[in-house]
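**Student:** Build me a model from this:
(chains A and B)
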Amino acid sequence: MTDPVDRTNRPDPAGDGAIRDTLAWVLHSIDHPAQAAGDWIAYEVDPARGSAVALLTDPTAPLSRIRRARVLWAALRAEGETAEERAMGSRLAIAAAAAAFLFHGERITSHDDAAMLAAFRSVTPDGAVPAEVRTMVRMAERKLAGPVG
Amino acid sequence: MRTVSAQGFDSPRLHFHFFPGSGCAPFLRLRDHRLPGQNPLPPPRIRADLPYPVVVPMPYLAAHAMNAPTPAPRDDDRDGSAAPRSSDEAATRYWGAIYAYIRQSGRRDDEARDLTQGFIADVLLGRDLLSKLDEGRGKFRTLLLSAVRNYLADAYRFDHAARRHPADARIVRDDAAAESVHDRVSASPDAAFHRAWVGMLIREACDALRADCAARGRDMAWDVFERRILRPMLEGAAPTPYEDLMARWNLDAPSQVSNTIVSMRRAFAGHLLRLAGAGNAAGDAALARTELAQLLSLLEGRMQ
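**Tutor:** All right, here's what the predicted structure looks like:
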């Protein structure tokens, strides 16, 4: 991976939108600091979707971008400045694996299914993770676990 | 008309022409008689391709050219207060917002410049509006906007009184030109003022962050943030590709770039929050957050 950014969908520059966007992301970082860190990485990977929720819950999001986001979120898990940031990086990296499996049927980690299942189940109760993402991970968990009974 | 001289807000001698008998607060027509190269007044940044008289990116560009000297950290940055330290500084700081309001009210560029300078000399400095900055930057923003609005109303009344009773009956009206400049489609004067105000905050947050990075030897972090976030966001520049940044700074992994961006965005947000709350009680981040939220609402037209 060299440049994980899609540069085709940047927001309108230099206009009111850019000013509002700047204020909006600053406010977002004040209100939800850990989630904001995850969203900024999602924006780096896919400016058009621009947030972790949008990237991870869109069935049409390209697998390549989900892979890239997972790598960067995993790095946030390892090198984030705050504990909340690192925790969010960990959760979103798992969620990326869940999205790849749910929407594309691909396993993008080296873990076996049992480890993946355990990881998915660690995300769903975490209230810090956006609800839409937890719902997606729960669906992936069901798909991986297979039909019950 | 009588003319007096005074030391202007940035030192060179300015000449104020008083027009007595206007029946309202003294209205000054300020003429700048300084020589070329003599400490020029802050110029407006006008982009012909945008409907706004003052926009953020141009001052940002001017202050942050790649080779521009790094701004020195302000002494008052240390105690969390970035309110203007003097009237001179206030005059420079608020020029853009004042000009934006006046220009967007339908005045020609030269008129708007004159009125802006007149307001600064008469109200901001003459009546020491800054001395009322005691309850927070947000309050001062409202006070300043109200003062500009009143000043323009006074100017309008004076102007029309003069036209009804011209002293020499040779006043030339140029309303058509002014009307052609006035953009009725875009923002109201209030919106233009608030937009310029936010631009001022963003510009100052950039300055503070840049100085902070320079002081801590975080050149790479500033460079990455500037090339990936600031310039694309504020100037429409193409973001520098990851591979270029990695080569430029001898980085091993793209995640070093992305984590730097996360860190710098957070730092920028911290500076913007501090600046928005400057003048508030120390540590009152809630008030600063409210001020930012109000500004966003104003820009989105959800507040009047």
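**Student:** I'd assumed B:L292 was in contact with A:L27.
**Tutor:** Yes. Counting by CB atoms under 8 Å, A:L27 touches B:L292, with 5.7 Å between them. The C-beta positions use only the backbone N, C-alpha and C, and glycine is treated the same way.
**Student:** and these two? which has more neighbours close in?
**Tutor:** B:L292 (24 against 19; other CB atoms under 10 Å in any protein chain shown).
**Student:** Could you list the buried residues of the strand or helix carrying the more buried one?
**Tutor:** Take DSSP states H and E as the rule and B:L292 turns out to sit in helix B:285-299. Buried residues in helix B:285-299, counted by 16 or more other CB atoms under 10 Å in any protein chain shown: B:287-296, B:298-299.
**Student:** which one of these sits closest to A:A100?
**Tutor:** The closest of the buried residues of helix B:285-299 to A:A100 turns out to be B:L296 (CB to CB; 34.9 Å).
**Student:** Wait, the closest one touches A:W25, no?
**Tutor:** No. Using CB under 8 Å, B:L296 is not in contact with A:W25, being 10.6 Å away.
**Student:** What residues of the longest helix that chain A contains count as buried?
**Tutor:** Ranked by residue count, the top helix of chain A under DSSP state H comes out as helix A:83-104. Neighbour-count burial for helix A:83-104 flags A:85-103 (criterion: 16+ other CB under 10 Å).
**Student:** and chain B, which of the residues you listed reach it?
**Tutor:** Residues of the buried residues of helix A:83-104 in contact with chain B (CB under 8 Å from any CB of the partner chain): A:E85.
**Student:** Any idea how many residues pack against the nearest residue to B:F268 once chain neighbours are set aside?
**Tutor:** Nearest non-adjacent residue to B:F268, counting by CB to CB, 6 or more residues apart in numbering or on different chains: B:L209, 5.3 Å away. Other residues near B:L209 number 23, with proximity taken as other CB under 10 Å.
**Student:** gap between A:G105 and chain B?
**Tutor:** As for A:G105, its distance to chain B is 26 Å (criterion: CB to the nearest CB, to the nearest Å).
**Student:** Report the rounded mean pLDDT for the helix or strand B:A214 falls within.
**Tutor:** Element membership of B:A214 [criterion: DSSP H and E] is helix B:189-215. Averaged across helix B:189-215, the pLDDT comes to 92.
**Student:** Could you identify the helix or strand that succeeds that helix?
**Tutor:** helix B:219-225.
**Student:** now for the next helix or strand after that following helix, which elements pack on it?
**Tutor:** Following helix B:219-225 in sequence order, the next helix or strand is helix B:242-249 (DSSP H and E). Packing partners of helix B:242-249 (3 or more CB pairs under 8 Å, 6 or more residues apart in numbering or on different chains; DSSP states H and E): helix B:219-225, helix B:254-276.
**Student:** would a markdown table of those with mean pLDDT and distance to A:A131 be doable?
**Tutor:** Conversion of those to a markdown table gives the following (pLDDT from 0 to 100; distance: least, CB to CB, whole Å):
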| stretch | mean pLDDT | distance to A:A131 |
| --- | --- | --- |
| helix B:219-225 | 97 | 31 |
| helix B:254-276 | 95 | 23 |
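**Student:** Pick the most deeply packed of those helices.
**Tutor:** Across those, the average number of neighbours (mean count of other CB atoms under 10 Å in any protein chain shown) peaks for helix B:254-276, which reaches a mean of 23.
**Student:** what's that one packed up against?
**Tutor:** helix A:16-31, helix A:33-45, helix A:63-79, helix B:137-164, helix B:189-215, helix B:219-225, helix B:242-249, helix B:285-299.
**Student:** Would you mark the buried spots in the first one?
**Tutor:** By that I understand helix A:16-31. A:16, A:18-30.
**Student:** Nearest to B:T260 among these?
**Tutor:** Each of the buried residues of helix A:16-31 was checked against B:T260 using CB to CB; the closest is A:S29, at 15.4 Å.
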